[in-house]
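Student: Sharing a model that was predicted from the sequence below.
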Amino acid sequence: MRRFDAVFCDVDGCLMPELQTPSDLPALAEIAEYNRLAIEREDRPAIVPCTGRPLAYCEAVCRLIGAGTYPAIAEHGAWIYDFASNRWELSPDISADDLAAGDELRAWARRELGPRGCFLQIGKTAGVTIFHDDVPWLEREVVPMVRDLVAERGWPMRVSTTWSCINVDLVHVDKGRAIERVMERCGLVRERLAGAGDTEGDLAIREKVGWFACPSNAREGIKEHADYVANDPEARGVIEILEQLL
C-alpha cells in the first residue's frame with residue numbers, strides 16, 4: 001500500500017554534506033531505520049543512493065543506510081551496484097575507447113593542473129573529478145581549459161561543476177540512463193519512482209521519476225524543477241522529503 005516503490009537519492013548535498021564537514025549521524029540513523037522498515041513492511045519507498053561518487057564510496061553509503069532493495073548507482077551512472085549480491089556492473093554503453101579517454105584526461109590533469117594546486121578524486125573509472133581549494137578560481141580558469149581540451153581531442157565528455165569541484169563525464173552515461181537500467185531489471189515504472197537531488201546534475205534523476213524533491217541547500221537551478229523543497233538541508237531535508245512520501 002505505497003504510492004512509490006523507490007527514491008533515487010543523490011548523496012553529496014543530500015544524504016551527506018557537500019563540503020568536508022561531519023555527517024549528521026543521528027539523521028542517517030533515522031534514514032537507516034526508515035530503510036529497514038521499507039524492506040520489512042513494504043509500506044514506503046526504499047532509498048536508493050544515486051551518486052557521482054566512486055563505486056567504493058557508494059558501497060559504503062549503502063552499508064550505512066541499509067540500501068539493498070534495488071541496485072544503487074555510482075559515478076554518474078557508470079556503475080550500478082547490487083548490494084544484496086555484492087556485484088558491480090559497468091554500463092554497457094562505455095567502450096574501451098571511452099575508458100582510454102578518461103585515462104588520458106587524468107594523466108593530463110596530473111601533469112598540467114597538479115602543479116597549480118589541483119588534485120583528482122581517487123577511484124573514478126570512466127569520469128574525472130578535479131578539485132582545488134579555490135573553487136571560484138577552478139571554475140573561472142580550469143573549466144575553460146578542460147572544455148577546450150575535450151573539444152580538441154574529440155572526447156565524448158561533458159564538463160560540469162558542483163559546489164566544490166569539476167566533473168568530466170561521458171555524454172552518453174548519466175544517472176538517468178542508469179535509473180532506466182534499474183527500472184528494466186526490477187520491473188519499476190516512472191510513475192512509482194521518486195527522486196531527490198541538490199544540483200543541476202540531478203536533473204537526470206528528475207527526468208526519470210514521477211515526483212522529485214530537494215533539500216533546502218539545493219541550487220536554485222534545480223529547485224525550480226522540484227515538486228517539493230524541504231525546509232531543512234542535507235540529511236535532515238531528506239528525512240522531511242521521506243515524510244512527504246509516507
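Tutor: The structure has been received and is ready for your questions. Residues are numbered from 1 along each chain as shown.
Student: what's the nearest residue to residue 198 if we skip its chain neighbours?
Tutor: residue 13 (3.5 Å; CB to CB, 6 or more residues apart in numbering). In short, each C-beta sits where N, CA and C put it, glycine included.
Student: likewise residue 177?
Tutor: residue 77 (5.4 Å).
Student: Stretch 213-221: which residues count as buried?
Tutor: 213-215, 217-219 (16 or more other CB atoms under 10 Å).
Student: out of those residues, which are inside helices?
Tutor: Judged by DSSP state H, the buried residues of stretch 213-221 include no members of helices.
Student: which one of the residues you listed sits closest to residue 95?
Tutor: Residue 95 lies nearest to residue 219 out of these, by CB to CB, at 32.0 Å.
Student: What is the neighbour count of residue 8?
Tutor: 30 (other CB atoms under 10 Å).
Student: Distance check, it against residue 212.
Tutor: 9 Å (CB to CB, to the nearest Å).
Student: got any residues that touch both of the two?
Tutor: Taking CB atoms under 8 Å, 6 or more residues apart in numbering as the criterion, residue 8 and residue 212 both touch 194-196, 205.
Student: ok, back up a step: which one among the buried residues of stretch 213-221 gets closest to residue 200?
Tutor: residue 219 (6.4 Å).
Student: so that closest one makes contact with residue 200?
Tutor: Yes - judged on CB atoms under 8 Å, residue 219 makes contact with residue 200 at a distance of 6.4 Å.
Student: Could you pull up the residues touching the spatially most central residue of the chain?
Tutor: In the chain, the centroid-proximal residue (CA atoms, centre = their mean) is residue 51; its distance is 2.0 Å. Applying CB under 8 Å, 6+ apart to residue 51 gives the contacts 10-12, 57-58, 61, 72-75.
Student: phi, psi of the residue nearest to residue 177?
Tutor: Taking degrees, to the nearest 10, you get phi 100, psi 0 for the backbone angles of residue 77.
Student: so it sits right up against residue 175, yeah?
Tutor: Yes - at 4.9 Å, residue 77 counts as touching residue 175 under the criterion of CB under 8 Å.
Student: any residues in contact with both of these two?
Tutor: residue 204.
Student: From the domain annotation, what segments belong to each domain of this structure?
Tutor: Under the assignment automatic domain parsing, the domains of the chain span 6-92+173-245, 96-170.
Student: looking at these, which is buried most?
Tutor: domain 6-92+173-245 (a mean of 20; mean count of other CB atoms under 10 Å).
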